[in-house]
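> show me how the following folds:
(one chain, ligands or ions: 1)
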Amino acid sequence: MALNKFMHPNNIYKTPPDFAKLAKTYKEFSDIAKMDVTGKVTIDFKDPHALRILTTCLLKSDFNLDVLIPEDRLVPTLPLRLNYILWIEDLMNFINKKESITGLDIGTGACAIYPLLAAVKNKWMMVGTETDKESLLKATENVQRNNLQNLITLKENPTKSIVDFMFADDHSQMFDFCMCNPPFYTNVQELWESRSPARPEPKNGFTGSPHELITEGGELQFCRKIIEESKLYKDRILIYTTMVGHKYNLKELVLDLKAESIKYTITEFCQGRVTRWGLAWTYQDYDLSKIDMPKDKSRKKNLPITITLPKPDESKTRTNSFDKMKAILQELKITYKVITKRNNELRLKIIAVSNTWSNQRRKRRLQKQMEEQSKKAKCEGNSTGQEMINDNDQNGTSTLISSVEKTTNDISQLDSQETTQNIRRATKEKMKSDSRESSSSRKKLKPNESDKPSKPAKKVMEVETDPATLQRRQKQIDYGKNTVGYHNYIKQVPIDQRTKDHPKTPDKYTKYSRRSWDMLIKLWRKKLHDYDTGIKQEYESDSEEEN
Ligand SMILES: C[S@@+](CC[C@H](N)C(=O)[O-])C[C@H]1O[C@@H](n2cnc3c(N)ncnc32)[C@H](O)[C@@H]1O
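You can find the predicted model right below:
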């Protein structure tokens, strides 16, 4: 989901940059830009080189900053970096700090992106710290290239501490705030595994060196260390802040702060398909919980959906309305849990396991058509059956009918006219072949019965034994099972809760015509598609990796 609408309202990248203009202005950008079929100028976001050029050109055009980003280092995404700076601006406004603002950027990286933005945008005095010598060197060159040495100082951190190395020996240094984009991961494996396979591929290519992204204990330990050290230097930084990349870590950190009754506030940094979080805490007399960011208003969209039902007339009780609603939910196979039931208000937590509500009209029409067809088949079968004297033959008729009914059930989820026609054709074919079998069985009838109308003979379940067919079918089944939908389905619907309406893996050993088998596979895959989007994903906040 694009989250740009939740970006900080003052973020200039709320409106996407004009790539056509950038291509006209910067030769290096026109070299990487391409025009898509609609005539829109775009770039390959998966190419780290293209991302590097985009960031340097935006820094130039929007902030008049001349920055060199080394090939083997993180390419900072500007909308996110700007969101963080804008939040710090909000915090400074909140504590009424308008002038001579000083900030500390922990782990400034090879671009010193935060000090550069803070200096050119707000004229803040910034100190950036860095443990990586190579990054520090490049950062220093970037500061000098922009003549910002008067506002920005960079310091090597030769220790494993975070702020202690600065404050322990220097008792005068103080900051209004500190900020930090910590390394997120514990090791390379975690870096790759952090992404759920159910999520779409990241839009952007991957940039950054392990040194920048990995730290012992991951971001949780890194942020906990900042909190621990902050307790030693409560008054040296008025507002401590850090960015948090994983929501589960944010929860842990908030618990840590709560446990110590430390005042804190959190925010979300939304951009593109990525959400990050900002955590701020203080030992000063500021009630951070009162901070009201303009962005919070747009996020109110996340409140639960409220539906007001028409007032019941005298004859109908409220319970009646609730019951009706529950019946609708049941019909749509939406599970619900009553959270509260008070006076006129009923609060439910609802979970939709699959999409059962789309194309309702079309599904009803198909269902009706198939029911009519099924009835017709039943009537034909019954009338024939009445004339039959053989019990076995009567059983045969019911086998055929139940088979048609099964097809009817299978089709209830369909939304394609073409598929219906194919199913009808397959059903007709089946009826024809059964009636052929029946006419051959007529030979066994007594002579005086030979002129009676024919009736389908008992349907014997034939077994498919052809190795090539079985192999082909297995391959089709494997394809189906190797989908996100299948994995979500088996996770979400326990075996004992599966009904005939759920996707059922076709039985490869049953004899079917090629067309009927392919149809069964098609139906199965279609039903599995309903599970393509995991519920978990819908309820969790987006926490896609930045790169
Ligand atoms: C994810 S990068 C962030 C770089 C930059 N601030 C940005 O946002 O693009 C984290 C940086 O923190 C640095 N770092 C790690 N531990 C540190 C520490 N204890 N003190 C200062 N910097 C540290 C790493 O070398 C790395 O450059």
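> for the ligand, what's the nearest residue on the stretch 1-150 of the chain?
residue 107 (2.2 Å; Cβ to the nearest ligand atom). From N, CA and C alone the C-beta is placed, and that goes for glycine too.
> pull the contacting residues for that residue.
Counting by Cβ atoms under 8 Å, 6 or more residues apart in numbering, residue 107 makes contact with 129-131, 180-183.
> mind doing that once more with 7 Å?
By Cβ atoms under 7 Å, 6 or more residues apart in numbering, residue 107 lies in contact with 129-130, 180-182.
> next: residue 61.
Contact partners of residue 61, counting by Cβ under 7 Å, 6+ apart, are 22, 25.
> give the buried residues for the helix or strand where residue 522 lies.
Per DSSP states H and E, residue 522 falls inside helix 514-529. Neighbour counts over helix 514-529 (16 or more other Cβ atoms under 10 Å) mark 516-529 as buried.
> now do that helix: which elements does it pack against?
Of the remaining helices and strands, those touching helix 514-529 by 3 or more Cβ pairs under 7 Å, 6 or more residues apart in numbering; DSSP states H and E are helix 417-441, helix 467-481, helix 484-492.
> pLDDT on it, on average?
Helix 514-529 shows a mean pLDDT of 90.
> okay, the angle between it and helix 484-492?
Here helix 514-529 points in a direction 60 degrees away from that of helix 484-492 (axes from the mean of the first three to the mean of the last three Cα atoms, to 10 degrees).
> pull the contacting residues for residue 242.
Contact partners of residue 242, counting by Cβ under 7 Å, 6+ apart, are 180, 182, 223, 226, 279.
> would you mind checking these for buried ones?
Listed as buried from these are 180, 182, 223, 226, 279; burial here means 16+ other Cβ under 10 Å.
> tell me the one of the residues you listed nearest the ligand?
Nearest to the ligand among these, counting by Cβ to the nearest ligand atom, is residue 182 at 6.2 Å.
> got a list of what the closest residue to the ligand within the stretch 151-300 of the chain touches?
Residue of the stretch 151-300 of the chain nearest the ligand, by Cβ to the nearest ligand atom: residue 181 (3.5 Å). Shown in contact with residue 181 (Cβ under 7 Å, 6+ apart): 107, 243.
> could you identify the most distant pair in the contacts of residue 242?
182 and 279 (10.8 Å; Cβ to Cβ).
> stretch 47-62: which residues count as buried?
Across stretch 47-62, burial judged by 16+ other Cβ under 10 Å covers 48-62.
> brain fart, stretch 499-507
Buried residues in stretch 499-507, counted by 16+ other Cβ under 10 Å: 502-503, 506.
> residue 103 - how many residues pack around it?
Using other Cβ atoms under 10 Å, residue 103 has 25 neighbouring residues.
> so which helix or strand takes in it?
Secondary structure assignment for residue 103, by DSSP H and E: strand 102-106.
> quick one: strands adjacent to that strand?
strand 125-130 (parallel), strand 175-180 (parallel) (DSSP bridges).
> hmm, who's touching it?
Applying Cβ under 7 Å, 6+ apart, the external contacts of strand 102-106 come out as 114-115, 118, 124-129, 162, 175-180, 237.
> let's see that with 6 Å instead.
Contact with strand 102-106 is made by 114-115, 118, 124-129, 162, 175-180, as judged by Cβ atoms under 6 Å, 6 or more residues apart in numbering.
> in it, which residues are buried?
With burial defined by 16+ other Cβ under 10 Å, the residues of strand 102-106 counted as buried are 102-106.
> next one: stretch 243-254
Across stretch 243-254, burial judged by 16+ other Cβ under 10 Å covers 243-246, 249-250, 253-254.
> got the CA coordinates for that stretch in CSV?
Extracted in CSV, the C-alpha atoms of stretch 243-254 (Å, rounded to 0.1, in the frame of the first residue of the first chain):
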residue,chain,number,x,y,z
MET,A,243,14.3,5.5,14.6
VAL,A,244,13.1,2.0,14.9
GLY,A,245,12.8,-0.3,11.9
HIS,A,246,10.8,-3.2,13.3
LYS,A,247,7.5,-2.7,15.1
TYR,A,248,8.1,-5.7,17.4
ASN,A,249,11.2,-3.9,18.6
LEU,A,250,9.3,-0.7,19.2
LYS,A,251,6.9,-2.6,21.4
GLU,A,252,9.8,-3.9,23.5
LEU,A,253,11.4,-0.5,23.8
VAL,A,254,8.2,1.2,24.9
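> let me see the ranges of the helices in the stretch 101-250 of the chain.
Using DSSP state H, counting those that start in this stretch, the helices assigned to the stretch 101-250 of the chain run over residues 113-122, 133-145, 164-167, 188-193, 210-213, 218-232, 247-259.
> rewinding a little: I'd like the strands paired with strand 102-106 laid out as a markdown table, including mean pLDDT and distance to residue 33.
As requested, the strands paired with strand 102-106 are exported to a markdown table (pLDDT from 0 to 100; distance: least, Cβ to Cβ, whole Å):
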| stretch | mean pLDDT | distance to residue 33 |
| --- | --- | --- |
| strand 125-130 | 98 | 32 |
| strand 175-180 | 98 | 32 |
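> nearest to residue 158, out of the ones you listed?
Shortest distance between residue 158 and these, using Cβ to Cβ, is found for strand 125-130: 10.3 Å.
> now the angle from the closest one to helix 113-122?
Between strand 125-130 and helix 113-122, the angle formed by their directions is 170 degrees, by the same axes, to 10 degrees.
> is strand 125-130 up against the ligand anywhere?
Yes - using Cβ under 6 Å from any ligand atom, strand 125-130 reaches the ligand at 129-130.
> orientation of that strand relative to helix 133-145 in degrees?
Going by the same axes, to 10 degrees, strand 125-130 makes 160 degrees with helix 133-145.
> and strand 125-130, how far from the chain's centre?
Its chain's C-alpha centre lies 36 Å from the corresponding centre of strand 125-130 when counted by Cα atoms, centre = their mean, to the nearest Å.
> need the CA coordinates for that strand. PDB is fine.
Taking only C-alpha atoms (Å, rounded to 0.1, in the frame of the first residue of the first chain), the coordinates of strand 125-130 have been written out as PDB:
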ATOM      1  CA  MET A 125      24.400  23.000  14.900                       C
ATOM      2  CA  MET A 126      25.100  19.300  14.400                       C
ATOM      3  CA  VAL A 127      27.600  16.700  15.700                       C
ATOM      4  CA  GLY A 128      27.700  13.400  13.900                       C
ATOM      5  CA  THR A 129      29.400  10.300  15.300                       C
ATOM      6  CA  GLU A 130      30.600   7.300  13.400                       C
END
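> buried stuff in stretch 16-26?
17, 19, 22-23, 26.
> tabulate those residues (JSON lines), appending pLDDT.
Output for the buried residues of stretch 16-26, formatted as JSON lines (pLDDT from 0 to 100):
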{"residue": "17", "pLDDT": "93"}
{"residue": "19", "pLDDT": "95"}
{"residue": "22", "pLDDT": "96"}
{"residue": "23", "pLDDT": "95"}
{"residue": "26", "pLDDT": "97"}
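> how about those in a markdown table, adding distance to residue 7?
Putting the buried residues of stretch 16-26 into a markdown table (distance: Cβ to Cβ, whole Å) gives the following:
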| residue | distance to residue 7 |
| --- | --- |
| 17 | 13 |
| 19 | 18 |
| 22 | 20 |
| 23 | 24 |
| 26 | 24 |
